[in-house]
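Q: Please work out how this folds:
(2 chains)
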Amino acid sequence: MSNSENVLELKNVDKSFGPIDVLHNISLSVKAGEVLCLLGDNGAGKSTLIKTMAGVHAPTRGEILMDGKPISFNGPKTAQEAGIACVHQFGGTFPLMSIARSFFAGVEPTKGWGPFKVFDREKANEIAVREVRNFGITRIEDGDRLVGGLSGGERQSLAIARAVYFGARVLILDEPTAALGVKQSAHVLRIVNEAKRRGLAVIFITHQVMHAMAVGDHFAVLIRGSIAADFRKGERSREEIADLMAGGESMVDLEASIDGEAATV
Amino acid sequence: MAHTETTSSEPSSPKSASSQFSLGELIRSPAMGAFVGMVIVFAIFAMFGFSRNFLSIAGFANWMNFASTVGIIAIPVAFLMIAGELDISTGAVLPASAMMLGISVNHYDFPMWLGIIMTLTMAASVGLVNGLLVTRTQVPSFIVTLATLFAVGGLTLALSDFLINNTNVSLQSPDWAKALFGTRYFGFRSAVYWWIGLIVIFWFFLHKSPWGNWVFAVGGDSESARNAGIPVNKLKIWLFVLCSVCTALAGMCQVIQFNSAQSATFFNMIFFTIIASVVGGVLLNGGFGSVAGVVFGTMTLGIVQQGINYTDIDRNLSLLIIGVMLLIAVLMNGTFQSLATSWSSSKKED
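A: Numbering: from 1, shown residues only, chains lettered A, B, ... in the order given. The predicted structure is shown next:
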């Protein structure tokens, strides 16, 4: 019953590259209008997991289900067509292209006929600006501006707005706040909440516990390729999550540094 | 320091003066710097060359004729640069095409049309090899096309020697071919008209058609472009083919115009096309540029290279001028890049 509500589900997924096992027995699920936070230290296998979900890698064993039905992706393109959008740390946008051109890269709106089809700049500008503003980036009013002039948070927002506009149902955010300052991070977290409010299933990858706590409904901690803990909001404290992520190694030192970081935020 | 100050204050002042159609946008446009540069160079040469008729139609035609050969090749070279690649094999494809047409028509008595088709096919296959090697291997396009430059250059010399026992060939073209590729109208060679036609087509392709967007996206970030569903490798291969085919067109125009061709590799063409692109505001690391800019860059190069004959300036100094020009252009392109992306700060000042 509850399984059918899951937009995306991984069942006992293993991934190995030759003799090297990267992911072991991963089972995860995310529902519409829910934020799943995937926590893990560097090297825990987060990138491999993202790439498996985004269709870049096929799982060695196990299955991926969408809306309760098993699905296999031939590549990132088929995953995108199924509604899985991946937004990377730097937003995956083109700094020297205009906001509208960047928004519609690869799926340009055209007008005219035959070989004389031209890029419909007015339409592209209008849609791009409208969609981005709907996500709360009111500073953008001209679609002809270059993406390079946007802040890191705004670029993330642009990329998320783009994914949502093109029909994404599952949004995979790969460390969207890693390179951002406090204010910009808050900005991105607001956008994540907005995406969730619109009924998207969001998978939020991060190693910043604070950011995860701010938006997450459901948490999974990844350690050396396996799920070390899977719990819902309010079931664990921040300290417990941080300890889990650290994997029990030199806990006292790490706790001290994490508490120090938390105090400054 | 003074340089950056003037540029950052520039876009805000005209924007407040004019309304929505902004002069600022015009100033930001990548072709603007190239246009201003060309006007300055033209003014200087007009001043020094006035007494020797630099400003006459003949003087104009002289440098335009030179610019047309470079220009036909420079635009597709610039496309590749915008897409983050480089093609330097043009220096060998140009003489190879001229020799192939000359030998096939003059020595083997092929009909002209067949010679043209064969030449274009040969060039397209060189482009295909370039494109496939660049996309299939991770070798930088500079090295790949450097290799094909020497390979094609060597093959041209060896085959000419083997087939006709001569490294030069003469060619008598039928009237229609002469009219199409190798005569003069109002003092301008046919190549000038080909260039103008191609400028229109290429401008439409890069700035109006949806494919132009792909070229910019591929050069801006090829990984993101691939994720956005753009066929990155296919596009690059086509651009390499386009570049070689355009080079062949320029080569055929030359051999039909002058009734003869030489098989020596034309290394200068490599530098001319790259200089025209960079002076025209194309960024070396890709993702940015314009057809208009490259056209202005090519014309500037033509003025300096040919116009110097109309002045008392030592001819050898044209190389110095081109060198200095190139350096200024590269520095300005960098400034432009930061200017174009700094709108957020300039906007707060308003």
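Q: Go ahead and confirm B:Lys208 touches A:Pro115.
A: No. Using C-beta atoms under 8 Å, B:Lys208 is not in contact with A:Pro115; the gap is 11.2 Å. All C-beta atoms are positioned from the backbone trio N, CA, C, and that covers glycine.
Q: quick one, which of the two is more surrounded?
A: More crowded of B:Lys208 and A:Pro115, by other C-beta atoms under 10 Å in any protein chain shown: B:Lys208, with 17 against 7.
Q: show me what contacts the closest residue to the more buried one other than its chain neighbours?
A: Excluding the flanking residues, the one nearest B:Lys208 by C-beta to C-beta, 6 or more residues apart in numbering or on different chains is A:Val118, at 4.4 Å. Going by C-beta atoms under 8 Å, 6 or more residues apart in numbering or on different chains, A:Val118 touches A:Thr110, A:Lys111, A:Gly112, B:Phe204, B:Lys208, B:Ser209, B:Pro210.
Q: Then B:Gln262?
A: Shown in contact with B:Gln262 (C-beta under 8 Å, 6+ apart): B:Pro95, B:Ala98, B:Met99, B:Thr167, B:Asn168.
Q: So the third one is in contact with B:Ser263, correct?
A: Which is B:Met99. Yes. Using C-beta under 8 Å, B:Met99 is in contact with B:Ser263, at 4.9 Å.
Q: Need the residues touching each of those two.
A: Common contacts of B:Met99 and B:Ser263 (C-beta under 8 Å, 6+ apart): B:Thr156, B:Ser160, B:Val169.
Q: element containing residue 49?
A: In the absence of a named chain, this looks at chain A. helix A:46-53 (DSSP states H and E).
Q: Actually, chain B is the one I wanted.
A: Assigned by DSSP H and E, B:Gly49 belongs to helix B:30-49.
Q: what residue ranges in chain A score low on pLDDT?
A: A:1-4, A:90-92, A:246-265 (pLDDT under 70).
Q: which bits of it sit near chain B?
A: A:76-77, A:80, A:86, A:88, A:92-97, A:101-102, A:104-108, A:110, A:117-119, A:139, A:144-146, A:148-151 (C-beta under 8 Å from any C-beta of the partner chain).
Q: What ranges does chain A have for its strands?
A: Per DSSP state E, chain A carries strands over the ranges A:6-17, A:20-31, A:34-40, A:61-66, A:69-71, A:84-87, A:110-111, A:118-119, A:170-174, A:201-206, A:218-223, A:226-232.
Q: Most widely separated two among the contacts of B:Gln262?
A: Greatest spacing in those, by C-beta to C-beta: B:Ala98 and B:Thr167 (11.8 Å).
Q: Which one of these two is surrounded by more residues?
A: Taking neighbours as other C-beta under 10 Å, B:Ala98 and B:Thr167 compare with B:Ala98 leading, 28 against 16.
Q: Tell me which residue lies nearest the centroid of the chain.
A: Since no chain was named, I'll use chain A. A:Leu173 (1.3 Å; C-alpha atoms, centre = their mean).
Q: wrong one, I was asking about chain B
A: B:Ala74 (0.8 Å).
Q: in what helix or strand does that one lie?
A: Here B:Ala74 sits within helix B:57-82, counting by DSSP H and E.
Q: Buried ones in that helix, by neighbour count?
A: Across helix B:57-82, burial judged by 16 or more other C-beta atoms under 10 Å in any protein chain shown covers B:59-82.
Q: And stretch B:34-43, by the same measure?
A: Neighbour-count burial for stretch B:34-43 flags B:Ala34, B:Phe35, B:Gly37, B:Met38, B:Val41, B:Phe42 (criterion: 16+ other C-beta under 10 Å).
Q: residues contacting the fourth one?
A: Spelled out, that is B:Met38. With contacts defined as C-beta under 8 Å, 6+ apart, the neighbours of B:Met38 are B:Phe296, B:Gly297, B:Met299, B:Thr300, B:Ile303.
Q: repeat for A:Gly45
A: Counting by C-beta under 8 Å, 6+ apart, A:Gly45 touches A:Val22, A:Leu23, A:Leu222, A:Arg224, A:Gly225.
Q: Tell me which two of those sit farthest apart.
A: Across the contacts of A:Gly45, the longest distance by C-beta to C-beta is 10.7 Å; it joins A:Val22 and A:Leu222.
Q: Spell out which residues of the stretch 101-250 of chain B are next to chain A.
A: Contact residues (C-beta under 8 Å from any C-beta) of the stretch 101-250 of chain B with chain A: B:204, B:208-210, B:212-214, B:216-217, B:220-221, B:223-230.
Q: Recalculate using a threshold of 10 Å.
A: Within the stretch 101-250 of chain B, the positions near chain A by C-beta under 10 Å from any C-beta of the partner chain are B:204, B:207-214, B:216-221, B:223-231.
Q: In helices, which of the residues you listed appear?
A: In this view, those that belong to helices under DSSP state H are B:210-214, B:216-220, B:223-227.
Q: Can you show me the helices along the stretch 151-265 of chain A?
A: Taking DSSP state H, counting those that start in this stretch to define them, one finds helices in the stretch 151-265 of chain A at A:152-165, A:182-197, A:209-215, A:238-246, A:251-264.
Q: how long is stretch B:247-267 from one end to the other?
A: End-to-end distance of stretch B:247-267 (C-alpha to C-alpha, to the nearest Å): 13 Å.
Q: quick one: contacts for B:Gly59?
A: B:Phe45, B:Ala46, B:Gly49, B:Phe50, B:Arg52, B:Asn53, B:Gly187, B:Ile303, B:Gln306, B:Gly307, B:Asn309, B:Tyr310 (C-beta atoms under 10 Å, 6 or more residues apart in numbering or on different chains).
Q: rewinding a little: can you list the contacts of B:Gln262 in TSV and add pLDDT, secondary structure and distance to B:Gly251?
A: What follows is the contacts of B:Gln262, written out as TSV (pLDDT from 0 to 100; DSSP: H, G, I helix; E, B strand; the rest coil; distance: C-beta to C-beta, whole Å):
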residue	pLDDT	secondary structure	distance to B:Gly251
B:Pro95	96	helix	7
B:Ala98	95	helix	4
B:Met99	95	helix	8
B:Thr167	87	coil	15
B:Asn168	90	strand	14
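Q: pLDDT-wise, which helix or strand of chain B ranks last?
A: Every helix and strand of chain B was ranked by mean pLDDT, DSSP states H and E. The lowest is helix B:12-17, at a mean of 34.
Q: Tabulate the strands of chain A (JSON lines), appending distance to A:Ile191.
A: Output for those, formatted as JSON lines (distance: least, C-beta to C-beta, whole Å):
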{"stretch": "strand A:6-17", "distance to A:Ile191": "19"}
{"stretch": "strand A:20-31", "distance to A:Ile191": "17"}
{"stretch": "strand A:34-40", "distance to A:Ile191": "12"}
{"stretch": "strand A:61-66", "distance to A:Ile191": "24"}
{"stretch": "strand A:69-71", "distance to A:Ile191": "27"}
{"stretch": "strand A:84-87", "distance to A:Ile191": "10"}
{"stretch": "strand A:110-111", "distance to A:Ile191": "29"}
{"stretch": "strand A:118-119", "distance to A:Ile191": "27"}
{"stretch": "strand A:170-174", "distance to A:Ile191": "9"}
{"stretch": "strand A:201-206", "distance to A:Ile191": "10"}
{"stretch": "strand A:218-223", "distance to A:Ile191": "19"}
{"stretch": "strand A:226-232", "distance to A:Ile191": "23"}
